[in-house]
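Visitor: please work out how this folds:
(chains A and B)
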Amino acid sequence: MAKQHVTTTVNGDTVEFLCETEQTLLDVLRDELYLTGSKEGCASGDCGACSVMLDGRLVCSCLVLGVEAAGRKVETIEGMARGEVLHPLQQKFLEHAALQCGICTPGFLVAAKALLEKKPNPTETEVRYWLAGNLCRCTGYDKIVRAVLDAAAVMRSA
Amino acid sequence: MDYRSPTTAKDAAGLLANEGAHVLAGGTDILVKLRAGFVAPRMLVDLKGVPRLRGIESDARGWRIGAATPCAEIGEHEAFAAAWPGVVEALQLIGSTQIQGRATLGGNICNASPAADSVPALIAAGALCEVAGVTGEREVPVEQIITGPGRNALARGEFILGFRLPKPLARAGDAYLRFIPRTEMDIAVVGVGVSLALDAQGVCTHARVGLGAVAPTPLLVADAARALIGTRVNAAALEALGAAASAACRPIDDKRGTIAYRIKVAAVLARRAAVIALERATNRK
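Guide: Residues are numbered from 1 along each chain as shown, chains lettered A, B, ... in the order given. You can find the predicted model right below:
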């Protein structure tokens, strides 16, 4: 079958791409749109490194087809900072050294942002359960959780 | 591989009648199987564009959930969560936040895992599946859909439109409990759904018990329900419930649990789920 022409919105911009049915949204973001912030860890929905927002809902982009993005709103890690100004979560991840190799970091940030939009004052337990679908194989979970809680406090007082 | 996104149930049934056509709903199972090479469909039929497969509604018959509604959306529906808390706690155990953003009840049942978390809770709730196909529509009890591991009762061209759950009875409650060796993100070793209702004197008048991960298919356990009906769900009734749940188990040994362990845990979880359902029934306004 011929490639399919898809028009969608990524981080507020209208974009068009051609893709095969088999290509996932993650494949399209990385290989067609050159937005390589979303990472491929497992490609089976277990690790969360490819987390993006699709119509305001947190999903693994490896479990979405590129063609499914037609007419929808996609938000990725590339849309998180405002120009040179980091999002409070990004800033707190730096301050708490909540990253080691960095592969899981974009997914954690996108997922944590989704949590704080829904629940600005989460408990530590709520943070841990919400982020259970994001795996850090450097196992730096504690610093990540501290960074999210600290960012939540900063964002509440902003 | 072709991709189609029909907007009516009739068009969807027509497309799915083609050889090599496969449903795409939340994609959390099929995309993994595609990548692993376990399936190689010629066409994916995305059902999310059919309005009847989306959303949560209540009417005179009770509740209706579109089969392709993401679990996260169902969990956010406060009135439904108040009506069937056990069903909601079951679907909130499926995978991660990310998975629940896509995964659907229709997919959870059609994927036909013996350990599908939503299924024992839906069995306990007395849910019906609205099945659509080229020749029309029919309603099928949830417990009749899964016929074996990875196998379901749908014919070619058929798919699930939605789920019908009754309006909860007065003084009714339900609960779902799952045992896994960790706290999150795992597959059930045992899952138990219990739904029960009490009369004004606190005597159980109605009960349904669904068991998961202890047999080739999720089970409706009539003997377990009979152990509760006519009792005040006291210690003796809970013992009998547990014994009936264990007796219904036909589990396998695998890395998650042995046969003996699953049989024992089924009784423990059934008793605990019944106690939670009882508390919810007692507190329901």
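
Visitor: now the strands for chain A?
Guide: A:4-10, A:13-19, A:51-54, A:57-60, A:73-75 (DSSP state E).

Visitor: let me fix that: the stretch 101-250 of chain B
Guide: B:128-133, B:136-141, B:146-148, B:151-152, B:159-166, B:172-179, B:190-198, B:204-212, B:219-220 (DSSP state E, counting those that start in this stretch).

Visitor: most tightly surrounded among the ones you listed?
Guide: Of all those, strand B:190-198 has the most neighbours on average by mean count of other C-beta atoms under 10 Å in any protein chain shown, namely a mean of 30. No exception for glycine: its C-beta is placed from N, CA and C like everyone else's.

Visitor: excluding its backbone neighbours, what's nearest the residue of chain A found nearest chain B?
Guide: Closest approach between chain A and chain B, counting by C-beta to the nearest C-beta: residue A:133, at 2.2 Å. Distances taken as C-beta to C-beta, 6 or more residues apart in numbering or on different chains place residue B:96 nearest to residue A:133, at 2.2 Å, with adjacent residues excluded.

Visitor: quick one, what contacts that neighbour?
Guide: Contacts here follow C-beta atoms under 8 Å, 6 or more residues apart in numbering or on different chains; on that basis residue B:96 touches A:45, A:48, A:132, A:133, A:134, B:184, B:185.

Visitor: and it, how far is that from residue B:102?
Guide: 10 Å (C-beta to C-beta, to the nearest Å).

Visitor: quick one, phi psi at the residue of the stretch 1-150 of chain B found nearest chain A?
Guide: The stretch 1-150 of chain B approaches chain A most closely through residue B:96 (2.2 Å), counting by C-beta to the nearest C-beta. When read as degrees, to the nearest 10, the backbone of residue B:96 gives phi -100, psi 180.

Visitor: out of the strands of the stretch 101-250 of chain B, which is closest to residue A:150?
Guide: For residue A:150, the closest of the strands of the stretch 101-250 of chain B is strand B:172-179, at 32.8 Å, according to C-beta to C-beta.

Visitor: where are the low-confidence patches of chain A?
Guide: Counting by pLDDT under 70, the ranges of chain A that qualify are A:1.

Visitor: and if we set it to 90?
Guide: For chain A, the stretches with pLDDT under 90 are A:1-2, A:158.

Visitor: please name the nearest non-neighbouring residue to the residue nearest the centre of chain B.
Guide: By C-alpha atoms, centre = their mean, chain B has its centre lying nearest to residue B:119, at 2.0 Å. Nearest in space to residue B:119, with sequence neighbours left out and distances taken as C-beta to C-beta, 6+ apart, is residue B:218 at 4.2 Å.

Visitor: quick check: residue B:24 touching residue A:65?
Guide: Yes: using C-beta atoms under 8 Å, residue B:24 is in contact with residue A:65, at 7.5 Å.

Visitor: which parts of chain B sit against chain A?
Guide: Applying C-beta under 8 Å from any C-beta of the partner chain, one finds that chain B approaches chain A through B:1-3, B:24, B:26-28, B:31-32, B:34-36, B:44, B:46, B:48, B:70, B:72, B:95-99, B:101-102, B:184-185.

Visitor: in helices, which of those residues fall?
Guide: B:31, B:32, B:34, B:35, B:36, B:72, B:97, B:98, B:99 (DSSP state H).

Visitor: highest neighbour count among those?
Guide: residue B:98 (31 neighbours; other C-beta atoms under 10 Å in any protein chain shown).

Visitor: quick one: pLDDT of it?
Guide: Note on residue B:98: pLDDT of 98.

Visitor: check residue B:285 too.
Guide: pLDDT for residue B:285: 64.

Visitor: and residue B:183, by the same measure?
Guide: So residue B:183 comes in at 83 (pLDDT).

Visitor: now it. Its backbone dihedrals?
Guide: Phi and psi for residue B:183, reported as degrees, to the nearest 10, are phi -100, psi -10.

Visitor: now it: how far from residue B:235?
Guide: 29 Å.

Visitor: list the contacts for residue 66?
Guide: All of this refers to chain A. A:6, A:17, A:19, A:23, A:24, A:25, A:27, A:28, A:32.

Visitor: wrong chain, I was asking about chain B
Guide: Applying C-beta under 8 Å, 6+ apart, the residues near residue B:66 are B:52, B:53, B:54, B:55, B:56, B:161, B:162.

Visitor: how about a cut-off of 10 Å?
Guide: B:47-48, B:50-57, B:73-74, B:104-106, B:130, B:160-163 (C-beta atoms under 10 Å, 6 or more residues apart in numbering or on different chains).

Visitor: that one bridge partners, please.
Guide: For residue B:66, the beta-bridge partners under DSSP bridges are residue B:162.

Visitor: got the confidence number for it?
Guide: Predicted confidence (pLDDT) for residue B:66: 98.

Visitor: cool, and the one 10 residues further on?
Guide: The score at residue B:76 is 97. That number is its pLDDT.

Visitor: hang on, the earlier thing: how close does the residue of the stretch 1-150 of chain B closest to chain A get to residue B:248?
Guide: For residue B:96 relative to residue B:248 (C-beta to C-beta), the value is 31 Å.

Visitor: same deal with residue B:240?
Guide: Residue B:240 is 13 Å from residue B:248, by C-beta to C-beta.

Visitor: one step back: number of nearby residues for the residue nearest to residue B:119?
Guide: 30.

Visitor: so it makes contact with residue B:112?
Guide: Yes: the criterion here is C-beta atoms under 10 Å, and residue B:218 meets it with residue B:112 at 9.3 Å.
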